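Novice: please work out how this folds:
(10 chains)
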Number of protein chains: 10
Amino acid sequence: MLKGIPPILSPQLLKVLCEMGHSDRLVISDGNFPAEEMGKDAIVIRCDGHGVPEILDAILQLFPLDQYEEKPVNLMEVVPGDPVETPIWDTYKEIVAKYEKRGADCVGNIERFAFYDEARTAYAIIATSEKALYANIMLQKGVVVD
Amino acid sequence: MLKGIPPILSPQLLKVLCEMGHSDRLVISDGNFPAEEMGKDAIVIRCDGHGVPEILDAILQLFPLDQYEEKPVNLMEVVPGDPVETPIWDTYKEIVAKYEKRGADCVGNIERFAFYDEARTAYAIIATSEKALYANIMLQKGVVVD
Amino acid sequence: MLKGIPPILSPQLLKVLCEMGHSDRLVISDGNFPAEEMGKDAIVIRCDGHGVPEILDAILQLFPLDQYEEKPVNLMEVVPGDPVETPIWDTYKEIVAKYEKRGADCVGNIERFAFYDEARTAYAIIATSEKALYANIMLQKGVVVD
Amino acid sequence: MLKGIPPILSPQLLKVLCEMGHSDRLVISDGNFPAEEMGKDAIVIRCDGHGVPEILDAILQLFPLDQYEEKPVNLMEVVPGDPVETPIWDTYKEIVAKYEKRGADCVGNIERFAFYDEARTAYAIIATSEKALYANIMLQKGVVVD
Amino acid sequence: MLKGIPPILSPQLLKVLCEMGHSDRLVISDGNFPAEEMGKDAIVIRCDGHGVPEILDAILQLFPLDQYEEKPVNLMEVVPGDPVETPIWDTYKEIVAKYEKRGADCVGNIERFAFYDEARTAYAIIATSEKALYANIMLQKGVVVD
Amino acid sequence: MLKGIPPILSPQLLKVLCEMGHSDRLVISDGNFPAEEMGKDAIVIRCDGHGVPEILDAILQLFPLDQYEEKPVNLMEVVPGDPVETPIWDTYKEIVAKYEKRGADCVGNIERFAFYDEARTAYAIIATSEKALYANIMLQKGVVVD
Amino acid sequence: MLKGIPPILSPQLLKVLCEMGHSDRLVISDGNFPAEEMGKDAIVIRCDGHGVPEILDAILQLFPLDQYEEKPVNLMEVVPGDPVETPIWDTYKEIVAKYEKRGADCVGNIERFAFYDEARTAYAIIATSEKALYANIMLQKGVVVD
Amino acid sequence: MLKGIPPILSPQLLKVLCEMGHSDRLVISDGNFPAEEMGKDAIVIRCDGHGVPEILDAILQLFPLDQYEEKPVNLMEVVPGDPVETPIWDTYKEIVAKYEKRGADCVGNIERFAFYDEARTAYAIIATSEKALYANIMLQKGVVVD
Amino acid sequence: MLKGIPPILSPQLLKVLCEMGHSDRLVISDGNFPAEEMGKDAIVIRCDGHGVPEILDAILQLFPLDQYEEKPVNLMEVVPGDPVETPIWDTYKEIVAKYEKRGADCVGNIERFAFYDEARTAYAIIATSEKALYANIMLQKGVVVD
Amino acid sequence: MLKGIPPILSPQLLKVLCEMGHSDRLVISDGNFPAEEMGKDAIVIRCDGHGVPEILDAILQLFPLDQYEEKPVNLMEVVPGDPVETPIWDTYKEIVAKYEKRGADCVGNIERFAFYDEARTAYAIIATSEKALYANIMLQKGVVVD
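Specialist: Numbers count the residues shown, from 1 in each chain, chains lettered A, B, ... in the order given. Next comes the predicted model:
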């Protein structure tokens, strides 16, 4: 543990967030996402027992979203015809708005299989135990400016 | 995730709990315990962001305490003169009592430096972010009898 | 060994089952299947000396079948013209029916070479010593919902 | 699998049995033995789901017992005062007698903690799921003479 | 060494033969074959100082040839115009006939460069010091039936 | 790079600082210290081209000094008879005072060879290019309390 | 540290510079460059806390620029329409001129995405903490002639 | 060192020469050749401080040139228009003639970029410090016949 | 294979013989010697299928015996009371005499357990399939003088 | 290769020299020294084909001798009674004198077995092919002062 760093960020996760650069992508996946399979060419970090919101909140304290990208945050689009509700998206947007002045405007959607393709080339995938549906979220790192 | 297995138990932790045998010891350490240093000859499993009680409760669903040992659960004794209160011990005893009929009777104490020595030879150390004081706990595995 | 976990599931197999996610595939192969060759990009787990049924039964106690897939269980189709009988398939269907309400309806067939192709991209292959013919079986993991 | 080799012997186990030499020791441990901990300096081979007798029988088809040692087979002595019965020892002796003309005469006992000490320096430890009590057995390899 | 196993089969070779499955291919190469280069994606096992016949004979004691394949044994065809004699082929056919009732009928030829291509995808390559010309031989594993 | 984290802390150094626990020790060594030799059992982190003060200042923003130890910061004592001046110690004390209310009072000295012995058992050694003499410094980590 | 070698060159960087040959390329990247992602097939060397100019100056003391290439030094072209100023380029050109008689004439530009493509096939990438914009620079090694 | 083996052949180089087979290629590169980059899929052996001729002479004492190939030795062709002289080629031809009765007749040339392509698929690359220009040489191994 | 090097010497064995220095010891063990156990801190080289004499003969073509040691060759002494004959020792002495002018005079004996202790600190152990009794032999390397 | 660095220093040797610190020791050993055995806990760097003098000369261009040690250079003492001449020592002293103002005064001797003991704890051992007798030399690194 370190002063001022949320303890939910493990030493390894801290290292990975720090070594990522401008435009690298990070997936925070829900508990049923095939994170190990999708992440065969990525770094997979296990956060078993946690939901996505607390991880997202902790990460955004340190991790800038891409200022040059219109939608640096992306959710997996609901498959057409699926009547599922996605209330967790509102939670995500509130968290994003705490750290990014564009707020929910910088949150986009990606069609399900396109999301999988992007996930396969992400720099890292965080595997949580989030139980909400359509709860995967992808972040694109921005530039750190002092 | 698997049916009926608490999701807080990561795949690696599940493997380690399963491969432990009779009399092997496991430490669930608090957030300031030097787990990586103490665990140089052990397996260190990170559970950052979690407290000890939720980990302990999940483990005891699967992990038998040593039936041949009078005190298969041990806490780190308060250093003489230290006025600290350890309310988390009551929580631990309640959790143990849910899974073990001997209840709090099977929970003992080990003097601080003896606890460190035991930790150095444990099979595994779980590093949590528990903030309570004197919150380290050591479990000795029993026999699985069907 | 752990309380309530079938001992036939090795620590490593338990880890792999747990880390698999929605839509990942697992092959339980018979004793003559070229598991190591097919599994060069997968995780190969040896269960020498066991037949497929006892492994299958143990796995389905923990592993949900894909609820979104019509045929989450697949067998290798008999090559046209081959007069072989496959009585073990009935055993498999009975085991599946113990854990999945759709029962044998969720068990499909895949043509032999297509089966090989799928096996090459599976997440894991379990190598048994099953002696029955056409005894390989592939499972697709579903979602864990509490 | 190979012609004439019991399929319960995994490829890795076959390799280990073959590379052992005169006087090397092998432990076949029961399901609660701390095999991974005891075997930190040894080769640990998992045979989850199997009992000791079927492994022992398969091994003795290939593995000569030490002809120069009076007791090349050793069991863990019952702790004085423990009223436990050990019927599995008779099974072991029958199996040994199938492959070794000295029969049960070459089977000895080692006091519990001495057994642990010997196990820590064995060449390999096989971890089974044997549920019988006092079921660990240690074999010392002999000379192969054609 | 083990009882009844030819000592020329090293522990590692025994393991590899055992873990191969139906249809996997094995090359026993002569002393000038570029085994390490061809075997970059395979397992290369060195048998320096041995000729091919003694290795072949030992392997066929344990290794079934593919019963479903017309030519499970293949030799490298003599390049057209090359007046070389290949008396070692007769030795190979005699050895095969000792273990396989189809005898020399199950021995085929493959054109030189096609042989190389097949070798590159074999499961394992055994590097001998055989000095005879055109002495490479490829075996396809069959099914073990008790 | 991350928001609010000094960029001089590399991803690996951040990870190491975070995984250290209460009472673990860290050496920031000068450019001539035999860091690789002393750190054979430790983690060695290279910070070539930097002096000690800028590293020390960055570390203390995140790293608590041991509140239970009278002298959690230690310098290598000047060898008796050596007329060397150590002005860099004043710089160190000023930096410590920025982050620790006890200020210079918590900075002690260790005799040269005792310092080496302590360094050999430190958790990590940071190798800088500091050119000042007697410029090695050892920090003992405290407890993170929110 | 070594006599006459700038201490900012770490032992590993010195090794890499030395083992590079004629026409190998090296990227010195700024603090926001995705060095780890771009360098998955390269050697990534961290120089956290340093700017590019001091690294460039130290490298050029030892590293010859390609005499056969018109532009052995390349900068990432400003994206058309971007009003950014790049004063650091002047610094780079002055440093190059200290070591290369062609001076700024041997410094070229590469369009942004072409620069990324080249970076992905570079021999090594040095990750600095440089904060200036458009501050990445690529060097092509020349021939060492005594 | 061994009796009768030139000491310039390191243990590793001896192993590599020995494990090469008929038609495998070996590059002996000059001091500016990008050996590590070209040899990413090969074995790179460093012979820093040596010129090519002494290495070539030592190798040919043990290493047969391909008797079936018209030009088993190849040099990198001078780029058209380059007035460079290549006196070292005469040295190479004299050395080849000492060990190969075809002498200089078996030495060919390969166009520069074709040479690079061949080098990328060689079995091994030896990196020397040879300073002569156009001094790289490629050898194709022949058959050892007693 | 290489010109003039006995093909029974594998590439790895050649490397090991070459990297050994003055006074390093090498054991050539018979088929029942516990070579892997004894060689846990050494390099173990498998020569399955070979007897000791052909290996010994090949090694002595390249490997000088220690000229400064009275008995650079050692055999394992017959245990007092054992009526075994050791005709293979005569073979060994004849082979030694081919390469060493001192002949059988430089061959000594070591008591059995002292031999084991020496073997545990040897540089390398060669595991053969030699069936003769008391057939282990230890060689001490001498100085190569041209 | 790099500008101004002797090409006989390989990239790895350069790295090792650079990462050594004050008081670390380096052995440059002759061709018969058991460098791999002595260096089991050290870094062994092969310089086959070279003599000691050219390596020593190149190293001392970069490597400061310990200014605080009376004899930072040590030779292996001639065994009493051995009439051998050691003319190479004069060469060594001349080389040392080129780089160190104390000249031959800083060159000492260590008794043979004490030398071996020191070598076992050196940071690195360089294995040359030097043929002179008593030609091993040990250097202790000093402080780099600009």
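Novice: what sits against the residue lying closest to residue A:64 once chain neighbours are set aside?
Specialist: Nearest residue to residue A:64, sequence neighbours excluded (CB to CB, 6 or more residues apart in numbering or on different chains): residue A:142, at 4.0 Å. To be clear about C-beta, it is placed using only N, CA and C from the backbone, and glycine gets the same treatment. By CB atoms under 8 Å, 6 or more residues apart in numbering or on different chains, the contact set of residue A:142 is A:22, A:64-69, A:72.
Novice: likewise for residue A:93?
Specialist: Residues near residue A:93 by CB under 8 Å, 6+ apart: A:103-104, A:107.
Novice: next, count neighbours for the residue of chain A found nearest chain C.
Specialist: With CB to the nearest CB, the shortest gap between chain A and chain C falls at residue A:34, namely 3.3 Å. When neighbours are defined as other CB atoms under 10 Å in any protein chain shown, residue A:34 has 21 of them.
Novice: tell me which element residue A:80 is part of?
Specialist: Using DSSP states H and E, residue A:80 is not contained in any helix or strand.
Novice: any idea which residue of chain A is furthest from its center?
Specialist: When each C-alpha in chain A is compared with the mean C-alpha position (CA atoms, centre = their mean), residue A:81 comes out farthest, at 25.2 Å.
Novice: sec struct for the closest residue to residue A:69 other than its chain neighbours, please.
Specialist: Nearest non-adjacent residue to residue A:69, counting by CB to CB, 6+ apart: residue A:140, 5.5 Å away. Using DSSP: H, G, I helix; E, B strand; the rest coil, the three-state assignment for residue A:140 comes out as strand.
Novice: could I get the buried residue list for the longest helix belonging to chain A?
Specialist: Longest among the helix segments of chain A by residue count, using DSSP state H, is helix A:88-99. Buried residues in helix A:88-99, counted by 16 or more other CB atoms under 10 Å in any protein chain shown: A:88-89, A:91-93, A:95-96, A:99.
Novice: can you redo those as JSON lines with pLDDT?
Specialist: Formatted as JSON lines, these follow (pLDDT from 0 to 100):
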{"residue": "A:88", "pLDDT": "97"}
{"residue": "A:89", "pLDDT": "97"}
{"residue": "A:91", "pLDDT": "98"}
{"residue": "A:92", "pLDDT": "98"}
{"residue": "A:93", "pLDDT": "98"}
{"residue": "A:95", "pLDDT": "98"}
{"residue": "A:96", "pLDDT": "98"}
{"residue": "A:99", "pLDDT": "97"}
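Novice: how about the residues of chain A by chain C?
Specialist: A:31-37, A:127, A:131 (CB under 8 Å from any CB of the partner chain).
Novice: at 10 Å what do you get?
Specialist: A:29-38, A:40, A:44, A:46, A:48, A:79, A:116, A:127, A:129, A:131, A:133 (CB under 10 Å from any CB of the partner chain).
Novice: selecting buried members of these in PyMOL, what would you type?
Specialist: Applying 16+ other CB under 10 Å to these, the buried members can be selected in PyMOL as follows:
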select buried, chain A and resi 29+30+31+32+33+34+35+36+37+38+44+46+48+116+127+129+131+133
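Novice: before we move on, the earlier item: unless I'm mixing things up, the residue of chain A closest to chain C is touching residue C:26, no?
Specialist: No: using CB atoms under 10 Å, residue A:34 makes no contact with residue C:26, being 11.8 Å away.
Novice: before we move on, the earlier item: between the contacts of residue A:93, which is closest to chain H?
Specialist: Taking the contacts of residue A:93 together and measuring to chain H by CB to the nearest CB, the closest member is residue A:107, at 41.2 Å.
Novice: so what's the closest residue to the closest one other than its chain neighbours bridging to?
Specialist: In this structure, residue A:107 finds its nearest non-sequential neighbour in residue A:73, 4.4 Å apart by CB to CB, 6+ apart. Note on residue A:73: beta-bridge partners residue A:107, residue A:139, judged by DSSP bridges.
Novice: contacts only, for the closest residue to residue A:39 other than its chain neighbours.
Specialist: Nearest non-adjacent residue to residue A:39, counting by CB to CB, 6+ apart: residue A:125, 4.1 Å away. Each residue near residue A:125 by CB atoms under 10 Å, 6 or more residues apart in numbering or on different chains is listed here: A:25-29, A:33-40, A:42-46, A:119, A:136, A:138.
Novice: so which residues of chain A form helices?
Specialist: Under DSSP H, chain A gives helices at A:11-19, A:35-38, A:52-60, A:88-99, A:112-120.
Novice: how far does stretch A:32-39 sit from the chain's center?
Specialist: The chain centre lies 14 Å from the centre of stretch A:32-39; the measure is CA atoms, centre = their mean, to the nearest Å.
Novice: chain G: which of the contacts of residue A:93 is nearest?
Specialist: Here the nearest of these to chain G, counting by CB to the nearest CB, is residue A:107; it sits at 22.0 Å.
Novice: mind checking how far that closest one is from residue A:75?
Specialist: As judged by CB to CB, to the nearest Å, residue A:107 and residue A:75 stand 7 Å apart.
Novice: intersection of neighbour lists for these two?
Specialist: By the contact definition CB under 10 Å, 6+ apart, residue A:107 and residue A:75 are jointly contacted by A:89, A:92-93, A:137.
Novice: tell me which two in those are the farthest apart.
Specialist: A:93 and A:137 (10.4 Å; CB to CB).
Novice: can I assume residue A:92 is in contact with residue A:53?
Specialist: Yes: between residue A:92 and residue A:53 there is a contact under CB under 10 Å: 7.0 Å.
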